[in-house]
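Colleague: Output the structure for:
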Amino acid sequence: MRIAALSVMALTALVSNGVGAQDISLESLLDVPVETASRYRQTARQAPASVSVVSAVEIESFGYKTLADVLRSVRGLYITNDRNYEYAGVRGFSRPTDYNNRILVLLNGIPQNEYVFGSAAIGWDLGLSMENVDRIEIIRGPGSVLYGTSAMFGVINIITKDERQDQGGGVSVAAGNYGGRQVSAFVNEDLGAGTRLSVSAMHFRAAGESLYFDEFSDSNGGMAVDADWERSSGVHSVLSRGGLRLEGRVAHRRKGVPTASYETTFGMGEEWTADSRQYLGVSYRTQTPRSWSATVGANLSRHGYEGSFPYDDEEGSYYDSFDEAVGTNYGADGQIQWDLSPRSVMVGGVGMVRHVRASYRYYDEWEEYSSFNEPLTVGYAFLQGAFDISPAASMVVGGRYDQYSTTGSGFTPRAALVVSPWSRHVLKFLYGAAFRVPTAYELFYADPVLDFVANPSLLRERVSTLEAVWEHQISSRGTVATSVYRTVVSDLIDSGETQFDNVGSVRSHGAELEVRTAGTLSGFASVAYQHSIYLDSKEHLSNAPEILFKAGAVIGRTGWSGGAQLFGESSRFTIWGDRLDGSTRLDLMLRTPDLIRGVRLAVKLQNALDAQIFLPGGYEHTQAAIIQPGRSVRFEIRTSL
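Modeller: Numbering: from 1, shown residues only. Down below sits the predicted model:
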């Protein structure tokens with residue numbers, strides 16, 4: 001009831017006070033350009049999906065520093081932190097510690113999920129400076145027709161600033177409590193002769209919190225001290241000339257793990273994980289005045305993982321065990337777009353990916369307990385068409401065929417009807433299917449000590465969604481978006497006692513309502529209802545709050561500005577069936593105007609009331625619930641170059 005009351009109050013206040021958009025004109029709120037929903041540029045009103053766009057203005061105004069910060073504010077999404085990684089839940093579905101392998105994260109349209117675990121980085125492990133991000137497009141629902149595996153519940157595309165539009169650069173230096181330090185910089189330059197360069201870099205480090213875990217009260221008093229540290233860095237660059245584009249990135253992150261996961265020895269401060277990601281890609285897009293265009297590309301990527309886990313033996317001596325994984329792949333693809341009319345477009349493509357290495361190893365100084373290397377090849381083709389069926393309506397149909405050397409082939413369909421009966425209203429009726437191919441770890445991990453065996457016969461997970469969306473621009477006061485949906489997941493993969501297995505089906509249904517306004521007072525408020533159960537037992541899905549509420553507002557534009565965000569959610573169940581209390585969190589922001597030319601200050605207080613929030617852990621944790629980050633403060637100096 002408390003969350004519902006907050007929702008009504010915030011929605012009413014925004015509708016009453018909102019006055020347009022901060023970085024787009026009032027008349028174009030439903031015409032914001034998006035690229036991810038159909039793999040070509042169209043307006044949000046035309047996109048056959050429920051879409052949210054978070055702009056660079058919002059990223060700066062609310063002080064977002066990671067992708068997880070951004071997603072926490074998006075309707076229908078929620079974040080969990082197990083003190084090692086951060087995880088995004090979408091519409092009532094987030095398996096604890098699934099490494100985000102059921103959402104697809106893109107960077108400028110390039111998939112960032114790796115294959116060994118299917119993981120996608122959304123925290124500091126992403127290693128990307130938010131200062132050089134132009135916008136982030138969030139496409140809810142199945143996206144496999146256009147993007148393939150992992151795009152089950154949503155596709156998130158991070159689009160960096162166009163070097164042609166944002167000349168110059170900037171530097172940001174920040175410091176906060178818990179030893180937090182961050183430096184980031186970006187530059188976008190015209191090198192002449194039509195050649196342009198964009199480069200961004202970041203470095204982050206923190207000592208982390210001292211944490212108490214009641215489950216380990218008999219060891220070191222339950223205190224994990226100097227064990228929550230983190231180090232992250234990354235560089236991203238784009239070099240372009242005409243239709244030719246060369247893009248690369250490197251990122252590395254090492255994180256201390258204070259939770260004593262996998263029954264490691266508590267309180268030693270020597271458990272850690274490390275991730276590294278490298279990517280290099282080249283693409284060429286035809287420059288033609290004709291009604292068609294083509295893009296071809298090739299890429300090479302690598303993901304490396306390491307983990308160190310301290311144990312004590314029966315004699316009281318300590319030793320370390322380690323695991324490591326490496327995924328290396330190269331690929332090539334091509335896409336053709338044919339504009340039949342201004343609103344009728346066909347797009348199709350083919351591609352292949354060769355995973356030349358997909359390896360994992362778990363060992364200590366005496367013995368190797370688990371090891372595999374299972375390369376694979378993927379081939380695919382897709383076709384989608386959007387066709388006018390009347391001046392106010394269009395229909396979208398599409399399909400994809402995939403062939404995996406490990407798990408076979410499959411076909412995935414999509415259909416949508418988009419109706420705009422009046423200039424300020426859009427109705428969308430959506431059907432989509434998606435899939436997730438089992439990861440190498442799920443297929444081939446085995447540990448004879450634990451009697452855990454591989455299961456190369458795993459089936460791909462499948463999901464289908466029906467959804468209706470209504471979007472309305474409220475005169476000069478902003479926009480309202482609402483949706484209702486029903487999702488069914490089949491052949492869900494989860495870990496059993498002896499192997500990974502397809503454990504059954506899950507059904508989710510829900511509704512969302514959001515109001516967005518801007519201007520001198522800009523902001524958003526949303527409420528989401530999401531109900532997820534196992535179809536066979538009718539039990540609630542763990543880590544799935546039924547109610548989400550979010551609200552944020554910023555007042556002021558060119559001078560001083562201040563803002564606040566409030567996040568609330570109802571209870572979640574742990575994997576052991578315990579119900580955790582609901583939670584609320586308040587963030588506060590303040591920014592100055594330019595104090596001297598191009599230099600300004602900002603301060604952000606996260607979890608300002610220091611709320612004690614516990615969220616579900618995973619099977620590797622002794623704790624059923626893990627405490628989330630407490631109050632933190634960050635001071636920042638930014639300068640434009």
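Colleague: mind saving the C-alpha coords of stretch 177-197 as CSV?
Modeller: Provided in CSV are the C-alpha atoms of stretch 177-197 (Å, rounded to 0.1, in the frame of the first residue of the first chain):
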residue,chain,number,x,y,z
ASN,A,177,33.6,7.6,0.7
TYR,A,178,34.7,4.0,0.9
GLY,A,179,37.9,5.1,-1.0
GLY,A,180,36.0,5.7,-4.2
ARG,A,181,38.0,7.4,-7.0
GLN,A,182,37.2,7.8,-10.7
VAL,A,183,38.8,9.6,-13.6
SER,A,184,37.2,9.6,-17.1
ALA,A,185,37.9,11.5,-20.3
PHE,A,186,36.6,11.6,-23.9
VAL,A,187,37.5,13.5,-27.1
ASN,A,188,35.7,13.7,-30.4
GLU,A,189,37.7,15.3,-33.2
ASP,A,190,37.5,15.9,-36.9
LEU,A,191,41.0,14.9,-38.3
GLY,A,192,40.3,16.4,-41.7
ALA,A,193,39.7,14.8,-45.1
GLY,A,194,36.4,13.4,-43.8
THR,A,195,38.2,11.3,-41.1
ARG,A,196,36.8,11.5,-37.5
LEU,A,197,38.0,10.1,-34.2
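Colleague: model confidence over it, on average?
Modeller: Mean pLDDT, stretch 177-197: 92.
Colleague: Only the buried residues of that stretch, if you could.
Modeller: Within stretch 177-197, the residues that count as buried by 16 or more other C-beta atoms under 10 Å are Y178, G180, Q182, V183, S184, A185, F186, V187, N188, R196, L197. Any C-beta I mention is one placed from the backbone N, CA and C, and that applies to glycine too.
Colleague: got the residue ranges for the helices in this protein?
Modeller: Secondary structure of the chain (DSSP state H): helices at 2-17, 56-61, 67-72, 144-147, 440-444.
Colleague: what's the least confident stretch among these?
Modeller: Ranked by mean pLDDT, these bottom out at helix 2-17, which scores a mean of 48.
Colleague: one step back: need the max-distance pair from the buried residues of stretch 177-197.
Modeller: Y178 and R196 (38.8 Å; C-beta to C-beta).
Colleague: residue ranges of the strands in the stretch 1-150 of the chain, please?
Modeller: Remark: strands assigned in the stretch 1-150 of the chain by DSSP state E, counting those that start in this stretch are 33-34, 42-43, 50-55, 77-81, 86-90, 104-107, 110-111, 133-140.
Colleague: tally of neighbours for F411?
Modeller: Using other C-beta atoms under 10 Å, the number of residues around F411 comes to 11.
Colleague: Let me know whether it touches L383 as I believe.
Modeller: No. F411 is beyond contact range of L383, at 11.5 Å (criterion: C-beta atoms under 8 Å).
Colleague: For the stretch 1-150 of the chain, give me the ranges with low pLDDT.
Modeller: Low-confidence segments of the stretch 1-150 of the chain, defined by pLDDT under 70, span residues 1-30.
Colleague: Let's see that with 90 instead.
Modeller: For the stretch 1-150 of the chain, applying pLDDT under 90 flags the ranges 1-32, 45, 57, 95-97.
Colleague: quick one on the thing from earlier: now tabulate the strands of the stretch 1-150 of the chain in CSV and tack on distance to L458 and mean neighbour count.
Modeller: What follows is the strands of the stretch 1-150 of the chain, written out as CSV (distance: least, C-beta to C-beta, whole Å; neighbours: other C-beta atoms under 10 Å):
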stretch, distance to L458, mean neighbour count
strand 33-34, 34, 20
strand 42-43, 37, 16
strand 50-55, 30, 22
strand 77-81, 25, 22
strand 86-90, 22, 25
strand 104-107, 20, 24
strand 110-111, 21, 19
strand 133-140, 26, 23
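Colleague: now the residue lying closest to H355 once chain neighbours are set aside: how far from E114?
Modeller: Nearest non-adjacent residue to H355, counting by C-beta to C-beta, 6 or more residues apart in numbering: N329, 4.4 Å away. Plainly put, N329 is 8 Å away from E114 if you go by C-beta to C-beta, to the nearest Å.
Colleague: same check, this time on Y529
Modeller: Y529 sits 33 Å away from E114, going by C-beta to C-beta.
Colleague: Tell me which of the two has more neighbours.
Modeller: Neighbour count, other C-beta under 10 Å: between Y529 and E114, E114 has more, with 28 against 19.
Colleague: who touches the more buried one in this structure?
Modeller: Shown in contact with E114 (C-beta atoms under 8 Å, 6 or more residues apart in numbering): R277, S301, H303, G327.
Colleague: Return the residues in contact with the first one.
Modeller: When contacts are counted by C-beta under 8 Å, 6+ apart, R277 is found next to Q112, E114, A121, G127, R249, V250, A251, H252, S301, R302, H303, G304.
Colleague: can you list those in TSV and add distance to G504?
Modeller: Shown next, in TSV, are these (distance: C-beta to C-beta, whole Å):
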residue	distance to G504
Q112	29
E114	27
A121	29
G127	36
R249	38
V250	40
A251	36
H252	38
S301	33
R302	35
H303	30
G304	34
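Colleague: which one of the residues you listed sits closest to I136?
Modeller: Nearest member of these to I136, counting by C-beta to C-beta, is Q112, at 12.8 Å.
Colleague: Counting neighbours, what do you get for the nearest residue to H540 once chain neighbours are set aside?
Modeller: Excluding its sequence neighbours, the residue lying closest to H540 (C-beta to C-beta, 6+ apart) is F573, at 5.3 Å. Look at F573: counted by other C-beta under 10 Å, it has 18 neighbours.
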